Each structure stands twice: as structure tokens, then as C-alpha cells.
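*Asks:* here is my input, please return the structure:
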Amino acid sequence: MNQHDQEFYWYWFVNIPSIGNYTRVKLMELYGHPSRIYQCSFQDVEGYMTAKQWEEFDRSRNYRLQEEGLRRLKDSGIVFYHWEQKEYPSRFRNLYDPPYGFYLKGRLPDPQMPAVGIVGSRKASPYGKKMAERYAQELAEAGVSVISGMAAGIDTEAHKGALSVGGSTLGILGGGIDTMYPKSNWNLYLDMYQSAGIMSEYNIGISNLSGLFPMRNRLISALSDSILVVEAGWKSGSLITADQGMEQGKDIFAIPGRITDPMSQGCNHLIAQGAFITESPKDILENLRDRFGIWNQEDSIDNKMETHDWRDTNAMGDGRKDFDGPVGLSSKEKAVYDLLDEIRPVGFEILLQSSLCDFQELQHILMSLELKSYIQQPQQNMYVKKIL
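*Replies:* Predicted coordinates:
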């Protein structure tokens, strides 16, 4: 089966109307692949669908309709990822109810780098918003991807904090890939998919519904190595994300608050249940280093946190390293690096025209070069070599 046929069958499968994840899982257990499910008769599936569901199922097997859907995605700059692709995140495969397909604008975080989910109340206090921004900034500066849900309050500040330092961040939506909630996040949405990534398991045109957000939360926790809850009320959806993270074996961090503050009840409850108390981003960075050996053990995290740009520090008296050129780069990374200058910024569109890379590949290469501290963005989507 060629790649287009694979994409067609998986796209059709995740967009069959009137059936839910439970039915999809059962059908996959029975038939193993959407192409075989596509050929089913009513007698094959009547134990798993009502007659009305079958009508919707049968009507969905319209080749032209599905092709139009895929073309609409491509025209909108949206990429559809499915179960059989090598780019499909391995962390999703371990979920009890994994998405068989999802939609992406922008890029996914580097799977080789650590990621922290930052979640909290939509009605966050000024203090909570400041903490979300600060933690996201310092984690992103340390090379950690920030995952959140694009909602108002804590989510918004976490994404903005990571973007403000040119870091990696991914927003996972609770509605269609083209929807925003709240509408006031329009500019953030644009910044996210241009400089980072926006993901959803829901297609274009699916409205934000309250029942979809808990499903979204399992994806945030799945892609994260640790979860940070900044502020959360007693019945906050952030606690669902934390619970799912615990079930998936993730470390949970919470910022403590006053026992009389409603927005601290959820965090204080998590701490009572065994979550780690965090008083600074250093706590999370140390935990990640101890678990994954991400940073050189001879490095001082205290020093990194104090300088805020610790990846650029060096021991040379003039502030420069003895440097003959980038090491450990792929041929394409080296080619893109060579297109850049140390003084005059080069725009993304110029790089796209000058390199042999496609849009997504160039985004991935530029992010990789930034994480390796060979380049930086003096302003959004403008790149220069770092003086090393």
C-alpha cells in the first residue's frame, strides 16, 4: 500500500461520524487496519454499531469527499499524521485510547529533548500568570519543550513565556485544529503555528465542546516527561491532566499556595497526595537531569539559572570559544547554518528559498540549531549565527 492510500484510509477512519473511540478500538482489534474496516458489510459490524450508525459509516465511504478533506488540510498548511507514520509520537502508542490520527500546524517538539506540561486555571491570578510565564521561560531556555492547552490563564502565559525566549512549545487544542478558545488568543495562535506548533486530534470545523477537553488533557500528559500545575481550583481540569500523568508514570509538580486561596486548593491537594513541591524552575530541571542525564553533571544548574542564557557561557576571557565550526550536525543542518551570517539576520522565507528543504523540514532544522546554541532569533523568524 502506498503512502497516499495509507493516508486516505487513516483519514477516513478517524473521521467516521457517529462512532467514538471505543468503537474504533474494537474495530481495530477485529480487523487490524482501516483499509479492511473500509470493506466491511453491516453484518460484519452490527454487533458494534446501530443501524443509524451504519448509515453514517456507509455514507462516509465516499472517495471524493475524503480526498476533498485531505486537500483542504494541505491548502490550510495543516499536516495529518496517522498511526503508521514514523513521525507519529511513540508516547501516544502507549495510551489506553491513543489517537489514530491527529492534525498539526507548525512542528512537533524534538522527541529527543525533555518536555514539561504546564497547566492551571483559566481564571488565574496575576501571581499565577507570572509564575507560569517565568517557569516556561526558564525551562525553555534550558532546552525543555513546554506543552500546554492554549486556554486562557495559565496555558496562555506558559506558551507566551516559552515563545519569548525562542523556545520550543506545543499547544494541544480541545477543538478542531482551526479553532481558538478563547478567541482573544488569535495572535498567540498565529505565533504558535509559525514559530512552534499547534496540535489537535479533531479536524477542521469541530467546535470547542467541554467534553473534548478531558480527552485533550491525556495528550498533554502523554507528551510530557513531567507535569507542572501552577494554580488550580478544587474541580479544575488541570487535576485531570495531573491524574492522567500519574497513571502514565510522570512526575507531578505543584506550586503551593495559601490554604484560604480557592485557586490553590487543587495544588495543595496534589502536594498532599505526593506531588513534588516546586519553589523555582531549578527544582524541575534538577529532576529532569537526575532522571534522564540531560545535562553534563559537571555543569552547575544554579549558574545556569542565574545567567538565564547559560548555554552561551564559556571560559574564554574575551567571551568567545576556540571554535572551528559546528560539530555533530547533519549535512542539511550544516547547509542551513552556512546560509546565515553573524551580523545580518536572514528571514525564514529567504532560507526556504535558498535551501533545499521543505517548510516543515526547515522549521525542524532551525529549531535543532537553536537548541544546540549555534543560532538565535534576534526577532521572530529572523536568524543569525551565534558568536561562539
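
*Asks:* got any ranges where this protein has weak pLDDT?
*Replies:* For the chain, the stretches flagged by pLDDT under 70 are 210-211, 293-325, 388.

*Asks:* can you check which helix is longest in it?
*Replies:* helix 126-141 (DSSP state H).

*Asks:* neighbouring contacts of it?
*Replies:* The contact list for helix 126-141 (CB atoms under 8 Å, 6 or more residues apart in numbering) reads 116, 118, 120-121, 124, 146, 153-155, 157-162, 164-169, 228, 230-231, 255, 263, 281, 284-285, 305, 308-311. Placement of C-beta: from N, CA and C, glycine included.

*Asks:* out of the residues you listed, which sit inside strands?
*Replies:* 116, 118, 146, 169, 228 (DSSP state E).

*Asks:* buried subset of these as a ChimeraX selection?
*Replies:* The following ChimeraX line selects those of the ones in strands among the contacts of helix 126-141 that are buried, judged by 16 or more other CB atoms under 10 Å:
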select :116,118,146,169,228
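
*Asks:* using a markdown table, lay out the ones in strands among the contacts of helix 126-141 together with distance to residue 335.
*Replies:* Shown next, in a markdown table, are these (distance: CB to CB, whole Å):
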| residue | distance to residue 335 |
| --- | --- |
| 116 | 32 |
| 118 | 35 |
| 146 | 29 |
| 169 | 26 |
| 228 | 37 |
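
*Asks:* which two among the ones in strands among the contacts of helix 126-141 are spaced furthest apart?
*Replies:* Using CB to CB, those span at most 13.4 Å, a distance reached by 169 and 228.

*Asks:* so residue 205 is in which element?
*Replies:* Assessed by DSSP states H and E, residue 205 sits outside every helix and strand.

*Asks:* show me what contacts the closest residue in space to it that isn't next to it in sequence?
*Replies:* Among residues not flanking residue 205 along the chain, residue 176 sits closest, at 5.5 Å (CB to CB, 6 or more residues apart in numbering). By CB under 8 Å, 6+ apart, residue 176 lies in contact with 200, 202-208.

*Asks:* make it 6 Å
*Replies:* 202-206 (CB atoms under 6 Å, 6 or more residues apart in numbering).

*Asks:* can you list those in CSV and add distance to residue 273?
*Replies:* Output for the contacts of residue 176, formatted as CSV (distance: CB to CB, whole Å):
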residue, distance to residue 273
202, 31
203, 37
204, 39
205, 39
206, 34
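
*Asks:* related to what we said a few turns ago, out of the contacts of helix 126-141, which are buried?
*Replies:* By 16+ other CB under 10 Å, the contacts of helix 126-141 give 116, 118, 120-121, 124, 146, 153-155, 157-162, 165-169, 228, 230-231, 255, 263, 281, 284-285, 305, 310 as buried.

*Asks:* beta partners of residue 80?
*Replies:* residue 103 (DSSP bridges).

*Asks:* skip ahead from the helix or strand containing residue 337 and say which helix or strand is next.
*Replies:* Assessed by DSSP H and E, residue 337 sits inside helix 331-338. The element immediately downstream of helix 331-338 (helix or strand, assigned by DSSP H and E) is strand 346-347.

*Asks:* so what does that following strand touch, helix or strand wise?
*Replies:* Taking 3 or more CB pairs under 6 Å, 6 or more residues apart in numbering; DSSP states H and E as contact, there are no helices or strands that strand 346-347 lies on.
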